[in-house]
Structure formats: structure tokens, C-alpha cells
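Visitor: sharing a sequence plus its predicted fold:
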Amino acid sequence: MTAPVVRIEGLRDLTRDLSKADGKVSKAMPEANQRVAHDLVVKPARSKASCQPGASGKLAQSGIRAARRARAAVVVIGGTKSSEWALGAEFGSKRYRQFQPFRGNQWEGLPGYVVQPTIRENKPRIEAEYLDTVYDTVRKAAFYQ
């Protein structure tokens, strides 16, 4: 399965250089990444999941979360007791009728019902907010040395 990616050129070099330069920045980046993923993808995706028919959408909400990573904003589907519900809400199912029809699990085309459409709809905003967040985090860390 090809994962959806928003590429920011030079980000890897920037985070590597910042981790060498100052410990405050390397500690602040995971928080900033998690905040961007949660605010711009997880909250809207949970809202979409709650609108799905039956109990499956409501149960799927807790299976969609933002992970705390230093180098990227990451959205995780699963990893909890309700992960089956989250995966079913996202991709559908051929076998279980409480989910919508299976759409596939590739990024191409129109797969996904919850997370992938949210990322596609918000991609320009995600890129802008992420860049602003990285800039603010670096600026604050450099200012408070």
C-alpha cells in the first residue's frame, strides 16, 4: 500500500541540523508534528467517521490518532482495541455488512472513506500549517536560548 505523503524538500536536512544545534528544537519538533497531524487530519477524520452509518463510525473514532514523531507528522489507524473498527471505517469491507463496501487500500483512485479523503481535501492547508509550525518552533527555540 502506498502511503499518502506530503513532501517538504529540505526538511530532513533541516531536522538533522537542528538536532545537532539545539536540544530544545529537537524536543519541540515531535510536539509540533503531533499537533499538526491531530488538528488538521485526526479531528476532521474522526468527525467523518462519526457520520458513518451504524455503530461502526462511532467505534472507529478512537482508532484514528496522531503519533508523536520527530521527523514527520504521522496519522495512525489502529493500534487500539477498536483498530478493526477504524480500519473497516477507512477501507470498507467485502465481508462485514456493518462497514461500507470495500474500496481498496491503495492511494490511487478514491480509496478510503475517512482519513485519505481528509488528507486529500486539506493537503494545501496541511502543507501551509506544517511549514508555519516548523518555522514557529525553530524561531521560539532559537529565541529562548
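Guide: Arrived safely. Residues are numbered from 1 along each chain as shown.
Visitor: could you check stretch 41-49 and say which residues are buried?
Guide: 41-42, 44-46, 48-49 (16 or more other Cβ atoms under 10 Å). Where C-beta positions appear, they are placed from N, C-alpha and C, glycine not excepted.
Visitor: gap between it and the chain center?
Guide: From the chain centre to the centre of stretch 41-49 is a distance of 10 Å (Cα atoms, centre = their mean, to the nearest Å).
Visitor: go on, stretch 37-47?
Guide: For stretch 37-47, the distance to the chain centre is 7 Å (Cα atoms, centre = their mean).
Visitor: and the end-to-end length of that stretch?
Guide: End-to-end distance for stretch 37-47, by Cα to Cα, to the nearest Å: 14 Å.
Visitor: pLDDT on that stretch, on average?
Guide: For stretch 37-47, the mean per-residue pLDDT is 89.
Visitor: any chance you could list what contacts that stretch?
Guide: Contacts with stretch 37-47, where a contact means Cβ atoms under 8 Å, 6 or more residues apart in numbering, come from 61, 64-67, 73-75, 114-115, 118-119, 121-122, 125-126, 129.
Visitor: ok, of the residues you listed, which come out buried?
Guide: 61, 64-67, 73, 75, 114-115, 118-119, 122, 126, 129.
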